[in-house]
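Peer 1: okay, predicted coordinates and the sequence, questions at the end:
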Amino acid sequence: MQTINIIHYYYSGTDPWKNIMNLPEKEAFRTAAELAAAHPDTTSFGRFADFENYYPDRKKADEYVREAFILLGGKPKLLHPYSFTLNECEYLRGWFGEGEKIVLDLSEIPEDQISFTIGDSCAQITNGMKPEVLTKEMLMNRIAECGNSVEAFLKKSLGKFAYVEVQLWYRPSETFVPEMREAETDDAEEMISYLNIVGGESDNLMHGSDGFKVPVEAVKRRIQASHDSDNSVILIALAGEKIIARAELAGYPGARLHHNATFSISVRKDY
């Protein structure tokens with residue numbers, strides 16, 4: 001069978017692995033405004049001029065596709081995927097002028113980290129449609145039914161749509177490097193979710209699955225206290241917006257014990 005590629009187009013000078021949907025909401029809106037102002041005549045960044053409407057639709061579409069993919073056996077590592085297209089698409093290439101592209105061999109992508117929709121998933125959600133989500137196996141079966149020809153499959157399947165959208169649910173690299181930073185009070189709800197998940201993955205924590213019952217405000221106070229302390233810190237590692245690891249150094253407050261601290265660390269099993 002011919003080599004099948006997935007392709008991501010992007011503007012020269014930008015980082016193709018920075019997905020605006022994986023930013024905290026306030027930062028996403030600020031970044032969208034900056035990009036829209038800096039590139040007013042571009043199709044791609046032009047969407048960000050209406051980010052107030054684009055953002056909730058994009059978020060809803062990503063959630064819909066992700067949940068459908070999980071039901072089909074997918075194990076996405078990100079909340080929001082990197083968007084690619086199946087083989088070349090002149091329509092999308094035109095969005096980026098003289099830009100660049102990432103080309104990946106589909107055969108090298110793990111089946112549980114990639115999904116497909118016939119057409120743009122966000123546009124379909126915006127118009128009240130429910131995009132059909134395909135796994136890699138489902139896609140390859142449909143291509144096989146078309147004589148193992150991607151071109152024949154696209155001609156048969158696209159209809160009114162311009163391309164097959166590809167959702168890549170991880171960043172391909174030899175070593176996954178998560179974002180690491182000090183926890184902020186805005187991380188409290190996600191931290192509680194993380195602790196309830198990791199509690200069910202280990203017998204070495206003081207609570208089990210969904211057993212962490214500390215209120216959000218109390219967790220916020222704990223995080224703020226670590227910020228205010230000169231011998232305590234809470235660190236988190238993230239894949240997108242999802243906390244995948246947590247470490248805490250909790251120092252003693254008394255002067256004679258100021259050099260003492262307790263240390264704890266936990267990591268999601270998937271990572």
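Peer 2: Looks like it arrived, so ask away.
Peer 1: other SSEs contacting the lengthiest strand in the chain?
Peer 2: Counting by DSSP state E, the longest strand found in the chain is strand 242-251. Applying 3 or more CB pairs under 8 Å, 6 or more residues apart in numbering; DSSP states H and E, one finds that strand 242-251 contacts helix 188-198, strand 233-239, strand 261-267. From N, CA and C alone the C-beta is placed, and that goes for glycine too.
Peer 1: so which of these comes closest to Leu78?
Peer 2: strand 233-239 (6.1 Å; CB to CB).
Peer 1: which stretches of this protein form helices?
Peer 2: 25-38, 43-46, 51-71, 90-93, 121-126, 136-145, 150-157, 188-198, 216-228 (DSSP state H).
Peer 1: got the angle between the first one and helix 51-71?
Peer 2: I take that to be helix 25-38. Going by axes from the mean of the first three to the mean of the last three CA atoms, to 10 degrees, helix 25-38 is angled at 120 degrees with respect to helix 51-71.
Peer 1: contact partners of helix 25-38?
Peer 2: By CB atoms under 8 Å, 6 or more residues apart in numbering, the residues outside helix 25-38 that reach it are 20-21, 23, 45-46, 48-49, 51, 54-55.
Peer 1: for Phe263, which residues are in contact?
Peer 2: Contacts of Phe263 (CB under 8 Å, 6+ apart): 247-250.
Peer 1: how does it look with 6 Å?
Peer 2: If you count contacts by CB atoms under 6 Å, 6 or more residues apart in numbering, Phe263 has them with Leu249.
Peer 1: let me know how buried the nearest residue to Thr126 once chain neighbours are set aside is, in neighbour terms.
Peer 2: With CB to CB, 6 or more residues apart in numbering as the criterion, Thr126 has its nearest non-adjacent residue at 4.7 Å, and that residue is Asp57. By other CB atoms under 10 Å, the residues close to Asp57 number 16.
Peer 1: could you check how far Pro40 is from Ala33?
Peer 2: 12 Å (CB to CB, to the nearest Å).
Peer 1: between those two, tell me which one has more neighbours.
Peer 2: Ala33 (13 against 10).
Peer 1: quick one, grab the pLDDT at the more buried one.
Peer 2: At Ala33, the pLDDT value in this model is 86.
Peer 1: closest one of the contacts of helix 25-38 to Leu134?
Peer 2: Relative to Leu134, and with distances defined as CB to CB, the nearest of the contacts of helix 25-38 is Met21, at 21.2 Å.
Peer 1: list the contacts of the residue nearest to the closest one when sequence neighbours are not counted.
Peer 2: What sits nearest to Met21 in space, not counting adjacent residues and going by CB to CB, 6+ apart, is His80, at 3.8 Å. Contacts for His80 (CB under 6 Å, 6+ apart) come out as 19, 21-22, 62.
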